[in-house]
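[1] sequence plus the predicted model coming up.
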Amino acid sequence: MQELKVAMLGPTGVGKTSLLAAMYDQFSSSIGKTNLQLVADDESEGDLQDRLIELKSLADDFEATGGLEGTKGEPADLRSFRFALGRRGKKPSLELQFWDYPGGFHIEPSPERRQFIQKLLHECVAIIIAIDAPALMEKNGKYHELMNRPQQMTNLFRRFYQDLDSPRLVIFAPIRCEKYMQNSRKTDELCQKIKDGYKGLFDFFSAEDLRNKVAVVITPVQTIGTVIFSTIKIVDGNPKFRFHKVSHDASYEPKDSEQPLRFLLSFLLKMHLSHRETGIFGFLRQVFGGDKHLEDAILDLSKGCKSSNGFAVVQGNGLLK
Amino acid sequence: MKVYVQSRGELQDFDYTWKDEVPDIEGFRDLKNLLRTSLFSLALGRYKSKLLLLVEGIKSDRKDFRQRVINNSIFLVGESNDTEDEKKIRLIAIAALRDELEEKLNQAIYSDREFGFKYDESKIVELSIGGNVKNGSAEQDCKLARYSDEMRRKLASELEQSTLPLGEGPLVIVTGNRSEKALKEARVWRGLSKLVEYDHWEPITDGSTGRPVFFMIAIVLTVVAIAVIILLMLNIPEDTTQPSEPIENQSETILENNNLQENDQEQTSYSKLNS
């Protein structure tokens, strides 16, 4: 089976693991309507189920405090979450590997940790940057640099996205964004703040050498759906972000957490159909293997990619459609 | 006994880390790789005359900057042949399996503004004080079962009643999502995981996967030793009747033999390539 790697990128506490758990939760419901099947291996499924239970439990209390337990470990301890993708009733031809890691690697970058992140950026076809939306949106973005570390993210890409030999997909995924998805005015504002907050990175991607190689999209993900930001309380000089449920009886109801997968598969199909099956995409020939039904199934799924109301294809439309 | 602690501080700058350093002890990675869950996990093993205990995912009363509960992990390194060390490690493992560590560790591991967290090593070693264990012989069969509170209690009782079996490698693994196959391949003595099929202790009967390494090695060594003794006894009369070759000639013979073997290997490789 061919392997495709995807990295969850971001500093500690922004919500990489929450995003992954929410994505996993909606994989089956979104895939279920197509001719595709996506099956997690037993160990990945067990881990993600544990995480999902944690995530759902956040919607149990009205003052939904906390988040998923932070990821721990050194590079040698980390394992990917694996999903086998294929046409329904057929042997899967592609394994999607999602790599999560402790965000603290960015704060204390030992040589091994630095090498791990370098390898991720080098080998992963798609990078999903998790963004803490309240830190970006509230108090005029006062805590954006502290929580999301956009400059650090920009420097990583500057360092490791040099002389790319094949196209890549970068997904900006603001999470805990329920408050900013209520109407089109707010969603437009969210989109604009992301572009402003990561201006250096967007400028880097739009440079001549990368413009045609990197597809950039924004896909807000409401990981719980019914929990919204309420206030920031300062304790001992440090911000504590508070959230609450939209109503006392509201339950877990995630929204749009399947969008990153739709964009990812859309990107792969485009790479295949435009005969870019060299380098990092050399495996695509084996994955599709003349299977027109698989192409159609992915095409079907990718039709659900959103591009308005907070969602946007910032660049590289030609790499996606 | 050496103690390592993994935890984090409240602020974003203090992510999870081992103190004073990431353990660089043979067996640590082996045990760590057998644990897979974000929840409570425990691993016990013997490696190179050391007895190791790793307990992960022990909830603390501290929270991080995201109001997430901070978890503590401890890694203890004792001497394998030191009965006192084994007793301490068994008692701490039993306490962990019975959910009795949280509160005590909260007193031993605490917040620190400068370093994120600090710990009191003596308080961690003292976790075993007051407990008692019996020293019955360990049942040798390797067994696996599905992770449950009841099986955790049963395992704790077994560790309380008998000493740990001898043998190199992982002995006890308690974790959430490690496959049955992985636990069998690792030849653990007792294994609990949510991915194991049986809800009770199921002996691993397959000799190729279930026996502890120590016993397998012991059996092989015994057979080899018997074979060598028989061969030596058979060779004694011949040696006494034939004069020995000069040492120089023996060396030449060995070199020639190695050359012949190398040539044989080359031919084998080529024939593989040709075929």
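    Perfect, I can see it now.
[2] residue contacts, the closest residue to chain B within chain A?
    With Cβ to the nearest Cβ, the shortest gap between chain A and chain B falls at A:Gly104, namely 2.3 Å. Yep, even glycine has a C-beta here, placed from its N, CA and C like the rest. Listed by Cβ atoms under 8 Å, 6 or more residues apart in numbering or on different chains, the contact set of A:Gly104 reads A:Thr12, B:Arg8, B:Asp15, B:Tyr16, B:Thr17.
[3] per-residue pLDDT, it?
    Listed pLDDT for A:Gly104 reads 87.
[4] that one belongs to a strand, doesn't it?
    No. Applying DSSP: H, G, I helix; E, B strand; the rest coil, one finds A:Gly104 to be helix, outside a strand.
[5] tell me which parts of the stretch 1-150 of chain B are close to chain A?
    B:6, B:8, B:10-13, B:15-17, B:22, B:29, B:32-33, B:36-39, B:56, B:63-69, B:71, B:73 (Cβ under 8 Å from any Cβ of the partner chain).
[6] for PyMOL, write the selection for the buried entries among those.
    The PyMOL selection below is limited to those of the residues of the stretch 1-150 of chain B next to chain A classed as buried (16 or more other Cβ atoms under 10 Å in any protein chain shown):
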select buried, chain B and resi 6+8+10+11+12+15+16+17+22+32+33+36+37+38+39+56+64+65+66+67+68+71+73
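[7] counting neighbours, what do you get for A:Lys199?
    12 (other Cβ atoms under 10 Å in any protein chain shown).
[8] an error on my part: the question was meant for B:Val224.
    Neighbours of B:Val224 using other Cβ under 10 Å come to 10.
[9] one more: B:Lys104?
    The burial count for B:Lys104: 16, using other Cβ under 10 Å.
[10] take the residues of the stretch 1-150 of chain B next to chain A and keep only those in strands.
    B:Gln6, B:Thr17, B:Glu56, B:Lys63, B:Val69, B:Asn71, B:Ser73 (DSSP state E).
[11] CSV for these, including pLDDT?
    What follows is those, written out as CSV (pLDDT from 0 to 100):
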residue, pLDDT
B:Gln6, 96
B:Thr17, 92
B:Glu56, 96
B:Lys63, 92
B:Val69, 92
B:Asn71, 94
B:Ser73, 96
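[12] farthest-apart pair in the residues you listed, please.
    B:Glu56 and B:Lys63 (18.4 Å; Cβ to Cβ).
[13] how about the host helix or strand of A:Arg114: buried residues?
    Following DSSP states H and E, one finds A:Arg114 within helix A:111-123. Across helix A:111-123, burial judged by 16+ other Cβ under 10 Å covers A:Arg113, A:Phe116, A:Ile117, A:Leu120, A:Leu121.
[14] what of stretch B:145-157?
    Buried residues in stretch B:145-157, counted by 16+ other Cβ under 10 Å: B:Ala145, B:Arg146, B:Tyr147, B:Met151, B:Arg152, B:Lys154, B:Leu155, B:Ala156.
[15] just curious, which of those is nearest to A:Val214?
    B:Tyr147 (43.6 Å).
[16] show me the contact partners of stretch A:179-189.
    Contacts of stretch A:179-189 (Cβ under 8 Å, 6+ apart): A:Ala133, A:Pro134, A:Met137, A:Pro174, A:Leu190, A:Pro220, A:Gln222, A:Ile228, A:Phe229, A:Lys255, A:Asn309, A:Gly310.
[17] rewinding a little: is it possible to export the ones in strands among the residues of the stretch 1-150 of chain B next to chain A to CSV including distance to B:Asp85?
    Below are these laid out as CSV (distance: Cβ to Cβ, whole Å):
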residue, distance to B:Asp85
B:Gln6, 21
B:Thr17, 26
B:Glu56, 21
B:Lys63, 34
B:Val69, 31
B:Asn71, 25
B:Ser73, 20
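[18] please identify which pair of the buried residues of stretch B:145-157 lies farthest apart.
    B:Arg146 and B:Ala156 (16.4 Å).
[19] tell me where chain B has helices.
    With DSSP state H, the ranges of helices along chain B come out as B:28-34, B:83-97, B:102-108, B:121-125, B:149-161, B:180-185, B:207-210, B:213-241, B:247-274.
[20] send over the first one as PDB, restricted to the C-alpha atoms.
    The one in question is helix B:28-34. Taking Å, rounded to 0.1, in the frame of the first residue of the first chain, the C-alpha atoms of helix B:28-34 are listed here in PDB:
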ATOM      1  CA  PHE B  28      13.400   2.800  28.200                       C
ATOM      2  CA  ARG B  29      12.600   3.100  24.500                       C
ATOM      3  CA  ASP B  30      11.500  -0.500  24.300                       C
ATOM      4  CA  LEU B  31       9.000  -0.100  27.100                       C
ATOM      5  CA  LYS B  32       7.900   3.400  25.800                       C
ATOM      6  CA  ASN B  33       7.200   2.000  22.400                       C
ATOM      7  CA  LEU B  34       4.900  -0.700  23.900                       C
END
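[21] circling back: which ones among the contacts of stretch A:179-189 lie within helices?
    Using DSSP H, the contacts of stretch A:179-189 in helices are A:Ala133, A:Pro134, A:Met137, A:Leu190.
[22] widest-spaced pair of those residues?
    A:Pro134 and A:Leu190, at 10.8 Å, using Cβ to Cβ across the ones in helices among the contacts of stretch A:179-189.
[23] show me what contacts residue 125?
    Chain wasn't specified; assuming chain A. A:Leu4, A:Lys5, A:Val6, A:Arg168, A:Leu169, A:Leu264, A:Phe267, A:Leu268, A:Ile280, A:Phe281.
[24] that's the other chain; I wanted chain B
    B:Met1, B:Val3, B:Lys88.
[25] what about the second one, neighbour count?
    When you say that, I think you mean B:Val3. 19.
[26] and if you look at the last one?
    With neighbours defined by other Cβ under 10 Å, the count for B:Lys88 comes to 23.
[27] again with A:Leu299
    15.
[28] what sits against the closest residue to A:Tyr198 other than its chain neighbours?
    Spatial nearest neighbour of A:Tyr198, chain neighbours left out: A:Pro150 (5.0 Å); criterion: Cβ to Cβ, 6 or more residues apart in numbering or on different chains. By Cβ under 8 Å, 6+ apart, the residues touching A:Pro150 are A:His144, A:Gly197, A:Tyr198, A:Gly200, A:Leu201.
[29] which one of the residues you listed sits closest to B:Gln161?
    A:His144 (57.2 Å).
[30] which parts of the stretch 151-275 of chain B sit against chain A?
    Counting by Cβ under 8 Å from any Cβ, the stretch 151-275 of chain B sits next to chain A at B:Gly176, B:Asn177, B:Arg178, B:Ser179, B:Lys194, B:Leu195.
[31] quick one: pLDDT of the fourth one?
    Just to be clear, that refers to B:Ser179. 95.
[32] do the last one as well
    B:Leu195 carries a pLDDT score of 95 in this model.
[33] does it touch B:Lys184 like I think?
    No. Using Cβ atoms under 8 Å, B:Leu195 makes no contact with B:Lys184, being 11.6 Å away.
[34] ok and the residue in chain B nearest chain A?
    B:Asp15 (2.3 Å).
[35] list the contacts of that residue.
    Here B:Asp15 is in contact with A:Thr12, A:Gly70, A:Pro102, A:Gly103, A:Gly104, A:Ile107, A:Glu108, B:Arg8 (Cβ under 8 Å, 6+ apart).
[36] what do you get for A:Ser230?
    A:Ser230 neighbours (Cβ under 8 Å, 6+ apart): A:Arg242, A:Phe243, A:His244.
[37] same check on B:Ser179?
    A:Asp42, A:Glu43, B:Ser193, B:Leu195 are the contacts of B:Ser179 under Cβ under 8 Å, 6+ apart.
[38] hmm, 6 Å instead?
    Counting by Cβ atoms under 6 Å, 6 or more residues apart in numbering or on different chains, B:Ser179 touches A:Asp42, A:Glu43, B:Leu195.
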